[in-house]
Every structure is written in C-alpha cells, then in structure tokens.
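okay, sequence plus prediction incoming.
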Amino acid sequence: MPQHLSSQRSHRVARAVALVVVGVLAFVAAGGVAAYLDLRQQIGVSDVSGLVKGPTPSADPDDPFTGRSLNILVLGTDLRGGENTEIAGAGDGGMRSDTTMLVHISGDRSRIEVVSIPRDSLVDIPSCELPDGSESGASYGMFNSAFTIGGGAEEDLTYAAACTISTVQSLTDVPVTNHMVVQMDGVVDVVDALGGVRMCLPEPLIQDPAYGRFELPAGEQTLDGLQAIGYLRARHGTGLGLEQGSDLTRIVRQQAFVDALVRQVLAQNVVTNSPQLYRTIQAVLSAISADPALADPAALAGLAFSIRNIDPAEIVFTELPVVAAPSDPNRVVWTEEAAVIWERLAADEPPPGHETPSPSPSASTDTGEGSGDGGTTPSDTPDPSPSASLQAGVCAD
C-alpha cells in the first residue's frame, strides 16, 4: 500500500516574515500613530472565543506570546464572492479551506515546524456551533469540509475557522493558540505589490481546459498576481506534476513559489524600501482574517522580534503520513505514525534530527539588510528525502 512518509524541509519563510514585520514596526515608529492605525484597520479580526471545542490555551493579556510555544493554524480558503469569483469561478457550493498548515513555534523560539494537513483526509468532524445559533451534528468526511460546515449558509469565516480548529484539536490533542484565514484575492494583491514573482519553470505548465484554461511557458518569467494564483491553484493538466492530478504534488509547487517569493523579497531589500514595504504590508494585512492577538501589528512585531535569530535550518516542513482510504482510493487517512507528530508538537519537542538547535546566526544577519474538488493519490507523494538543490521553478540566480 502506498504511504506518504513524513519529511522535513528547511525554509526561510519565518525569517523573511520576521524581517518584514520588524521593518513594519520601524516604519510605524517613523510614521507615527496615523500609519499604525491605518495598518491596524487592514486586518480582519476573527474572534473564535466561545466557539471552539477543546482546550483553551492561556494567554498573558499584555503579551500573548511571551514564554510559551505557539500553534498557529493557517487556513487558505476558496471563498467565492467579489474578486475571488472572477479568479476561481462560482464554485460548486460552499467555501472550503483547501490549504491548512499548523505552524508550531517552540517556546524557546529556537525552531519552527510546519505540518500540512491534506484537505482530502477522511476524518471525524465534531459538532460545531453555527452562525444561526444552531449546532451541526458530528460527521465523518473530508477534512476541508469542516470549514464549510462551520461557515454555514452565511459562509462566516469566524465560525468556519472555529469548526476547523475544533476538528484539529479533537483529532490531534494539540491546542491551537492562534489562527489566520487567507483569501485568494489577497494573494493576488500581495504579488502585485511586490511587482510580481520571478520563477524559472523547467517545463511548460498547462491546466486542463475543463478546469479553466491557464498556461505558463517554460523558462524564466515574472508572474503577476493573477498568474501566481493560477499557478498555485492548478491541479489537472500537464507539466510540473499536473499529470498526476494530486493535491500532494500541488503542495510541492506551492512551496517552490513561496521559496521564490521569499528570495525576491530579500534580494530587493523590500524591508528597507518604505513605500514598497508599506504597499506590501497593506496587501498582506488586507488578505487575512486573524484572531485578536495576531490582528495586532504590535503583537505581531513582538513575535517577529522573538524569532529573528532562528537558524533557517531549524525551520522545517513536515508532511503528514497518510495512506489511501479503504473506502475511496481518491481520499486518504492518517497512519498511526501521525500520532507521533502530534504528540511531539503538544509536548513542544523538536522533530527528529533537530534535538540540538543549531547556533543562532550572527548579529550581522539580523539587520534586515540583504540582498471543484479532485482526489489525492498517496502514490504521487514526492521523494521525502531532503534535498539541497533548488525546488523546480525556483531560479538559480
């Protein structure tokens, strides 16, 4: 039986986030209260207090991040409406969280581990409170349907997030301390604010016309916002794994895109370019709906400052081990090995091979200066062995 083995890949995402947010803090300090309030108003607040089932993490009312590990659930939604409908079409009923990642930041701020949860996982979904005051019944189905169930007919993002958090906590026993929801049109705005993202595709990417005509040629090119979201969403067609029609191979392409974006942000010195930085941060903050703690720019800046010295080698991605579901070969179920991952995160323990944190980078590196649902087939899982080579699509510079 095919098995999706866990793997870890170091990534510079958290470091880039830290640099950007610290830069924002400095810019806000220079710009005064008006700039702070303007940025604060960009963030949608998603307060799930009283809606989530399971443990409620304690928090210091003055500094909700100090001295404890964080488990931040990041949800990417295909919510239709407005520009999202123009991007992805009308959909087939109900918004879903097609991308879900649990980001664990250790209490001592020495490491970050990101666990992606396949949307096609068949799981038990607990009962959830709904926007109309009623409560859904417990059910068994695809993981991403928890978002749809919670949102109800009103497609309320806060209730949708609460139901997903309840589901994660009931399945893993890992307390979710914070969350954020990211919408598709927000990705477009962020990429355009950066002036596009440069990528070097080893082969053409052509999406099956049945899912909307979209194609990119091979070679070096700069993707604008709409091209970027097309690249991130594509799952059926030819090139870069599209032949396999797998959500798991799409995750690989998404990681490559994020890698390319982060390299570009650092190379362009966005954090020292106040106008471009401000445009980018406005786009980022407008794209997310977050819990009250993460929706506070000052708190975000404090978190960013606390993780500024994490060695990039201590930022790892872990793929959840799954096998084909006995009831449906196009769906997956978690293996027993998944429990080991959740137990480790709940205990704030490092992943294998990272038991002794690497030395923090020197102070000189901390300045900020520097360069529709288809199925999932577990057999399509990419090689889990970490590789030092660039991911397909990332330019070698």
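Received the coordinates, thanks.

please enumerate the helices of the protein.
13-31, 33-40, 83-88, 145-151, 157-172, 184-193, 225-233, 247-267, 274-287, 297-306, 337-346 (DSSP state H).

least confident of the ones you listed, on average?
Of all the helices of the chain, mean pLDDT reaches its minimum on helix 13-31 (a mean of 41).

backbone dihedrals for residue 144, please?
As for residue 144, its main-chain torsions (degrees, to the nearest 10) stand at phi -70, psi -10.

once you drop chain neighbours, what's closest to it?
residue 119 (4.0 Å; C-beta to C-beta, 6 or more residues apart in numbering). To be clear about C-beta, it is placed using only N, CA and C from the backbone, and glycine gets the same treatment.

list phi and psi for the residue lying closest to residue 250 once chain neighbours are set aside.
Excluding its sequence neighbours, the residue lying closest to residue 250 (C-beta to C-beta, 6+ apart) is residue 235, at 5.2 Å. Here is the backbone geometry of residue 235 (degrees, to the nearest 10): phi -140, psi -20.

show the pLDDT at residue 235.
82.

list the contacts for it?
The neighbours of residue 235, taking C-beta atoms under 8 Å, 6 or more residues apart in numbering as the test, are 207, 211, 242, 245, 246, 247, 250, 374.

correct me, but residue 240 touches residue 392?
Yes. Taking contacts as C-beta atoms under 8 Å, residue 240 lies within contact range of residue 392: 6.3 Å.

overlap in contacts, these two.
201, 202, 253.

would you mind measuring from the residue nearest to residue 250 to residue 219?
22 Å (C-beta to C-beta, to the nearest Å).

chain neighbours aside, what residue packs nearest to residue 123?
Using C-beta to C-beta, 6+ apart, the nearest residue to residue 123 is residue 143, at 5.1 Å.

residue contacts, that neighbour?
Taking C-beta under 8 Å, 6+ apart as the definition, contacts of residue 143 comprise 100, 117, 118, 119, 120, 121, 122, 123, 125, 167.

the third one touches residue 322, doesn't it?
Read that as residue 118. Yes. Counting by C-beta under 8 Å, residue 322 is a contact partner of residue 118 at 6.1 Å.

so which of these two has more stuff around it?
Between residue 118 and residue 322, counting by other C-beta atoms under 10 Å, residue 322 is the more crowded of the two (27 against 24).

what number of residues lie near the residue lying closest to that one once chain neighbours are set aside?
Spatial nearest neighbour of residue 322, excluding adjacent residues (C-beta to C-beta, 6+ apart): residue 332 at 3.9 Å. Neighbours of residue 332 under the rule other C-beta under 10 Å: 30.

narrow the contacts of residue 235 to those that are buried.
In the contacts of residue 235, burial by neighbour count holds for 207, 211, 242, 245, 246, 247, 250, counting by 16 or more other C-beta atoms under 10 Å.

could you report the pLDDT at the second one?
Same thing as residue 211. 83.

how about the first one?
With respect to pLDDT, residue 207 has a value of 93.

before we move on, what about the fourth one?
Looking at residue 245, its pLDDT reads 78.

what residues are up against the nearest residue to it once chain neighbours are set aside?
Spatial nearest neighbour of residue 245, excluding adjacent residues (C-beta to C-beta, 6+ apart): residue 236 at 5.0 Å. Residue 236 sits next to 207, 208, 210, 211, 242, 245, 374 when contact means C-beta under 8 Å, 6+ apart.

the third one - how many residues pack around it?
It refers to residue 210. Residue 210 has 8 neighbouring residues, counting by other C-beta under 10 Å.

for it, list the residues it contacts.
Residue 210 touches residue 236, counting by C-beta under 8 Å, 6+ apart.

quick one: it from residue 167, how far?
Counting by C-beta to C-beta, the gap from residue 210 to residue 167 is 31 Å.

I'd say residue 114 and residue 99 touch.
No. Contact criterion C-beta under 8 Å: residue 114 and residue 99 do not qualify, at 11.6 Å.

surely residue 351 touches residue 344?
Yes. The criterion here is C-beta under 8 Å, and residue 351 meets it with residue 344 at 6.8 Å.

and the nearest residue to residue 54 once chain neighbours are set aside, how many neighbours?
Among residues not flanking residue 54 along the chain, residue 169 sits closest, at 3.6 Å (C-beta to C-beta, 6+ apart). Residues lying near residue 169 (other C-beta under 10 Å) number 20.

that older thread, just send the contacts of residue 143 back as a markdown table, with distance to residue 290 too.
Shown next, in a markdown table, are those (distance: C-beta to C-beta, whole Å):
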| residue | distance to residue 290 |
| --- | --- |
| 100 | 15 |
| 117 | 19 |
| 118 | 23 |
| 119 | 21 |
| 120 | 26 |
| 121 | 24 |
| 122 | 29 |
| 123 | 24 |
| 125 | 23 |
| 167 | 19 |
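
now a PyMOL select for only the buried ones of those.
In PyMOL syntax, the buried subset of the contacts of residue 143 is picked out as below (16+ other C-beta under 10 Å):
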select buried, resi 100+117+118+119+120+121+122+123+125+167
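
out of the contacts of residue 143, who's nearest residue 194?
Using C-beta to C-beta, residue 100 comes nearest to residue 194 of the contacts of residue 143, at 24.5 Å.

what's the pLDDT at the closest residue to the closest one other than its chain neighbours?
Using C-beta to C-beta, 6+ apart and skipping residues adjacent in sequence, the residue nearest residue 100 is residue 117, 4.5 Å away. Reported pLDDT at residue 117 in the predicted model: 90.

gap between residue 117 and residue 279?
32 Å.

do the same with residue 264
Taking C-beta to C-beta, one finds residue 264 at 15 Å from residue 279.

hang on, the earlier thing: just checking, the residue nearest to residue 100 touches residue 98?
No. Counting by C-beta under 8 Å, residue 117 does not reach residue 98; the two are 10.9 Å apart.

low pLDDT regions in the stretch 51-200 of the chain?
Along the stretch 51-200 of the chain, segments meeting pLDDT under 70 span 55-64, 78-96.
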